[in-house]
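Engineer: Fold the stuff below for me.
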Amino acid sequence: MKKISILVICIFTILPLVNAQIELLDNSDLDEWESGFPLEKPVCWNVVGHSREQSIVHSGASAVRITAGNTNIATINQQISLSSSYQAGAMYEMRFWYYVVSSPGGNGDVIVNSQWTGSNVDSNWNSDVLTDTFHAEAVGQWEEKVIPVSMQMSPTPSSLSFNFSLKAPKNAVVIFDDLSFKKVENSSSTEPSLTVLPARLTAVSTVVGTPVNFQEITVTTDNLPYDVDIYLTGADPQYFTPSITQIPAGQTSTTLTVTYLPTQSGNHSAVLSFDCTSAPWLFESRSISGTAGNANEQPQIFASPNTVNFGTVQVGEQLSSTVYVGSLGLSDYLYISITPDANSAGQFLLGNSLFPKNLTNMPLSVTFKPTREGSFSAQVRLYSPGATDVLISVTGNGTGTISQEQEGDALPLSTENALSLMNESFGNVISNKPLSIEGWKNIAEKNYRAWWGYNHADNNKSAKVTAYNSINTAPDEYEMWLYTHALDYPNATTKEFTFKVMGNLLLDSDPSVLELYYVSLNDDGTMYRELILGGEQFPSIADENNIWQTYNISLDNQPIDDLFFMAFRYYCPQGGAFSSQIYYIDDVTWGDNLSSATAVETRETKIWSANGEIHYYTNENQQIAVFDINGKKAGDFLLKTGRNTLPAHFANGIYFVTNYKNINKKIIIK
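Structural biologist: Okay, the predicted model is just below:
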């Protein structure tokens, strides 16, 4: 199997660089299978309660699905021999990606049950991190777990192994992929590093005067010549307190917590920053938020009726009913969500997702719109921080059938008339109609929906993809592929593939993903597809909505076929009414030296901050934009040759100054 190491330059998104380390697990990507088991001789994964997963994968061709019954715990493990490479005090890193399909609730969704084994080995070494049960942040999305571990100092063992073991608790279904166990290069490395986990902090709620802690934060540093300062900025820093305010220089692994102690009711937010002045490019930050209610007033939520039965409705038609809801004593909005039963996804729609707090007799429209025959049910949940949830049961039967016309093109791909230079700006597409471009392939791989064209408000056109369907909400998963025209590698002036991406209506918990693949044709005409970018490398959270991000992919000196394709894949596990997410793609180029980001190094650009202002020096005119940490644009600015001051005063916080060609700076105003 070919593996391509891609250099990615994202003009707005900064992608981390990771030093190459030796993978100690065999078949760590779980792509090699034999006789129903993930196998790469001479070591075989030991698996109980498993199956090969080829639909929901983090990368590559396959993953492993672990299904635990109501009496059994399912496992996957591998024994790694380290006797020949023992080094007292050496640091290792255990990583894995997991996707919780079905959560059993209780203590957790995933069990880590790893340990060191061998003679003269303390089997409890690192047991505080190697034995753990935890919940996923959300069901139906890929998440990564990183566990730093060390090798015991003494006595020196005569034999040593590490048992890499993961389990799914009773009644859980979990998919694992891209497992890893590597030795971490520590003090011998010359590059400083700063890592903060988790990537996002879950909001908390309490009542005025009662403190509550956020989840634990782990900060790992290496070769930092100066201390890391930990401080708060943003709207309401006075209500949040970190347990420590500084991490010493050098190599450390530190755990801290943040306490939320509100003195008045309402919603509060701040930004927690990790700042090393000697290495400002390693700056890390996390958004934190909390909601405080009034301790003297018990929040309440009301709904009438609490059951809705739609009876029998013709497939393709709809019937609506009104539930009247209200609240008292809330400190936040009254939020509304719907959870369908296993076979009922996409059959019920809500007219609202929230209401203002402390209003009565607010009409909530619930609509039953069956897409197929059968009996369907769901629960509508009314909730707000500090209040007891109210549940409304909805049921209905669908009768008859409805058909959908398949959109897009058909395979196979063709390598005829391959392009050494491509500039596709989607100028001839029709808005909200299936995309059709000569030489490209627009494939609806799962369900009937394909990629569309779109005409934006500024009359710029682009490609668009979404699984949202207001006419006929399908309960099935959606998967759409957009393959470029065949590309010519040896005759291209540059080996660079560039494009722009923008997300709209993104939610922090949405399991849908956008991915970029390298594609070539095997001798038998079948496709070879390799993941290049995906997950959080593309816009994936609410803070990144409505911001164009430009990517430059360098394929220089890579094992690329002479004729190849690039492909954009969009995957949504629950389309229809349950997915509002939209992605746009524009300005796709290949071999165009004008779009090369190497021009950055030839220009003189300096940006700095002082007294709430952003200052700028350049040797040529520049068009720039400034964004805050939440992705909100502070303005567009045309700056002349020489020294400039932006015509705006900026509050304390973090800002991104960005320009399509050559500027990507992070500015901190304190």
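Engineer: what's stretch 243-259 in contact with?
Structural biologist: Contacts of stretch 243-259 with the rest of the structure, by Cβ atoms under 8 Å, 6 or more residues apart in numbering, involve 148, 186-187, 201, 211-231, 240-242, 272, 274, 288. The way it works is simple: take the backbone N, C-alpha and C, and place the C-beta from them, glycine included.
Engineer: ends of it, how far apart?
Structural biologist: Stretch 243-259 stretches 8 Å from its first residue to its last (Cα to Cα, to the nearest Å).
Engineer: Give the helix, strand or coil label for the residue nearest the centre of the chain.
Structural biologist: Centroid-nearest residue in the chain, with Cα atoms, centre = their mean: residue 536, separated by 3.9 Å. Assigned with DSSP: H, G, I helix; E, B strand; the rest coil, residue 536 falls in the helix class.
Engineer: so it makes contact with residue 199?
Structural biologist: Yes: counting by Cβ atoms under 8 Å, residue 199 is a contact partner of residue 536 at 7.2 Å.
Engineer: what about the strands in the stretch 51-200 of the chain?
Structural biologist: Per DSSP state E, counting those that start in this stretch, the stretch 51-200 of the chain carries strands over the ranges 63-67, 74-81, 91-102, 110-113, 115-117, 131-134, 142-150, 161-168, 173-184, 193-197.
Engineer: Kindly report the same for the stretch 501-650 of the chain.
Structural biologist: Using DSSP E, counting those that start in this stretch, strands in the stretch 501-650 of the chain cover 513-521, 527-534, 549-554, 563-572, 582-590, 605-610, 613-618, 622-628, 633-639, 642-645.
Engineer: same thing with the stretch 351-500 of the chain?
Structural biologist: Under DSSP E, counting those that start in this stretch, the stretch 351-500 of the chain gives strands at 354-355, 362-368, 374-383, 390-399, 422-424, 441-446, 452-455, 461-466, 478-483, 487-488, 496-504.
Engineer: Just the endpoints, please. Distance across stretch 263-281?
Structural biologist: One end of stretch 263-281 sits 35 Å from the other (Cα to Cα).
Engineer: what pLDDT, on average, does it get?
Structural biologist: Confidence over stretch 263-281, taken as the mean pLDDT, stands at 83.
Engineer: in that stretch, what counts as buried?
Structural biologist: For stretch 263-281, a neighbour-count test (16 or more other Cβ atoms under 10 Å) marks 265, 267, 268, 269, 270, 271, 272, 273, 274, 275, 276, 279 as buried.
Engineer: doesn't residue 329 make contact with the first one?
Structural biologist: Pointing back at residue 265 there. No: between residue 265 and residue 329 there is no contact under Cβ under 8 Å: 9.6 Å.
Engineer: any residues in contact with both of the two?
Structural biologist: Common neighbours of residue 265 and residue 329 (Cβ under 8 Å, 6+ apart) are 293, 294.
Engineer: in its sheet, what does the helix or strand where residue 292 lies sit against?
Structural biologist: Element membership for residue 292, per DSSP states H and E: strand 284-293. With DSSP bridges as the test, strand 284-293 is paired with strand 204-207 (parallel), strand 266-275 (antiparallel).
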